[in-house]
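J.: Fold the following and give me the result.
(one chain, ligands or ions: 1)
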Amino acid sequence: MSIVRPYPKSETGWRFDETYPNATPDHLFNSRFMHQLYFRDDPAYKGKYSVPLLWDKKTNRIVNNESAEMLRWLPHAFNSILEEDPGDVEGLDFYPADLRKKIDEVTPWLTSLICSGVYKAGFVRNQDNYEKNVVPLFAALNNLEALVYANGGPYILGTKLTELDLLAYPTIVRFDTVYAQHFKTNLGMIRHDYPVLNNWLKNLYWNVEGFKESTDFKHIKENYTKSHGDINPLAITPLGPYPDVEEGYASDWSKLKPGKVAHPLVLEAQSKL
Ligand SMILES: N[C@@H](CCC(=O)N[C@@H](CS)C(=O)NCC(=O)O)C(=O)O
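T.: Predicted coordinates for the structure are as follows:
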């Protein structure tokens, strides 16, 4: 895996620079910029130079650059060449048959109101659009808090880690450290207003292999605060809040009380979701 550095981006986009902590060179072609990989695949490429990008070393082509598709497809992509019965590959079924209906119900509002919702509120150019977008974000967070509580944890749908946890994690783990100040999504914070989501987050980050290891707060914070000149012209990265993710996971979920942001506009929006 090759890891870009989080800033600067400008119009040339992501770059490789192994002098930046925990960034790497492009291990395949030693490209300086991510866009070189897009043009290597298709010299007439006109789209975004986004990450993640999955590259096929045999055909020398891009396989996919859409994270939601990779999430659905990669866990089973190599079943045909596995020696074990694919049904026995433990822990890699994030879209299990018994939860598909529920996952399909939650995914649209989770992605549009929460995962994209922070960007919709954060990249606006005026007060009205900010308010139009920040309110439904918190209405949906109130609903997510209630959903995790109703299912009893430790994951969104209960005892199985599913696509929903993997979709929600990058947004929730960045919420307090970046979005609440940088995108002004500060009607509430996960750690102060959503005890159930905070406990869900603590569990993933501290107890579930792969989450903490793939989360780098220096990359996360500097990507936003040092590459959006119009939002943060001096590029000063706030030190807080501290710690990035709180410790002290409560394994007894029955002792938790769900929280919410009770701003009247949020409650009104929540009643219409
Ligand atoms: N649909 C894509 C969107 C990916 C995307 O927009 N990635 C952002 C980073 S999270 C990006 O690379 N943006 C281009 C940039 O910031 O230069 C996916 O979810 O995989």
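J.: Now residue 153: closest residue in space that isn't a chain neighbour?
T.: Spatial nearest neighbour of residue 153, excluding adjacent residues (C-beta to C-beta, 6 or more residues apart in numbering): residue 253 at 4.2 Å. For glycine as for every other residue, the C-beta is placed from the backbone atoms N, C-alpha and C.
J.: Tell me if I'm right that residue 231 and residue 181 touch.
T.: No. Between residue 231 and residue 181 there is no contact under C-beta atoms under 8 Å: 10.3 Å.
J.: Comparing those two, which residue is more hemmed in?
T.: Neighbours were counted for residue 231 and for residue 181 using other C-beta atoms under 10 Å; residue 181 has more, 17 against 13.
J.: In contact with the residue in the stretch 51-200 of the chain that the ligand sits nearest to, which residues?
T.: Across the stretch 51-200 of the chain, no residue is closer to the ligand than residue 67, which sits at 3.3 Å (C-beta to the nearest ligand atom). Residues in contact with residue 67 (C-beta atoms under 8 Å, 6 or more residues apart in numbering) are residue 52.
J.: next one: the one 4 residues further on
T.: Contacts were defined as C-beta under 8 Å, 6+ apart; by that measure residue 71 touches 94, 163, 166-167.
J.: hmm, 7 Å instead?
T.: Shown in contact with residue 71 (C-beta atoms under 7 Å, 6 or more residues apart in numbering): 94, 163, 166.
J.: what helix or strand is it on?
T.: Using DSSP states H and E, residue 71 sits in helix 67-77.
J.: Flag every buried residue along that helix.
T.: Neighbour-count burial for helix 67-77 flags 70, 75 (criterion: 16 or more other C-beta atoms under 10 Å).
J.: neighbours of whichever residue of the stretch 151-273 of the chain sits closest to the ligand, just the number please.
T.: Residue of the stretch 151-273 of the chain nearest the ligand, by C-beta to the nearest ligand atom: residue 227 (7.2 Å). Neighbourhood size, residue 227 [other C-beta under 10 Å]: 16.
J.: Same question for residue 245.
T.: With other C-beta under 10 Å as criterion, residue 245 counts 20.
J.: give me phi/psi at it?
T.: phi -130, psi 130 (degrees, to the nearest 10).
J.: Spit out the contact partners of it.
T.: 173, 201-202, 205.
J.: As TSV, these with neighbour count, secondary structure and distance to residue 243 would be great.
T.: Listed next are those as TSV, based on neighbours: other C-beta atoms under 10 Å; DSSP: H, G, I helix; E, B strand; the rest coil; distance: C-beta to C-beta, whole Å:
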residue	neighbour count	secondary structure	distance to residue 243
173	21	helix	12
201	23	helix	12
202	19	helix	11
205	19	helix	10
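J.: Can you convert these into JSON lines and add a column each for pLDDT and distance to residue 150?
T.: Below are the contacts of residue 245 laid out as JSON lines (pLDDT from 0 to 100; distance: C-beta to C-beta, whole Å):
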{"residue": "173", "pLDDT": "98", "distance to residue 150": "22"}
{"residue": "201", "pLDDT": "98", "distance to residue 150": "17"}
{"residue": "202", "pLDDT": "98", "distance to residue 150": "19"}
{"residue": "205", "pLDDT": "98", "distance to residue 150": "22"}
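J.: Which parts of the stretch 1-150 of the chain are strands?
T.: 54-56, 61-64 (DSSP state E, counting those that start in this stretch).
J.: Could I get the CA-only coordinates of the least confident helix or strand in the chain by mean pLDDT as CSV?
T.: The least trusted helix or strand in the chain, going by mean pLDDT, DSSP states H and E, turns out to be helix 67-77, with a mean of 90. The C-alpha coordinates for helix 67-77 follow below in CSV (Å, rounded to 0.1, in the frame of the first residue of the first chain):
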residue,chain,number,x,y,z
SER,A,67,-14.5,3.1,-1.6
ALA,A,68,-18.1,2.0,-1.1
GLU,A,69,-17.8,-0.5,-4.0
MET,A,70,-14.5,-1.8,-2.7
LEU,A,71,-16.1,-2.3,0.7
ARG,A,72,-18.8,-4.4,-0.8
TRP,A,73,-16.7,-6.3,-3.3
LEU,A,74,-13.2,-6.8,-1.9
PRO,A,75,-14.0,-9.0,1.1
HIS,A,76,-15.2,-11.7,-1.4
ALA,A,77,-13.2,-10.8,-4.5
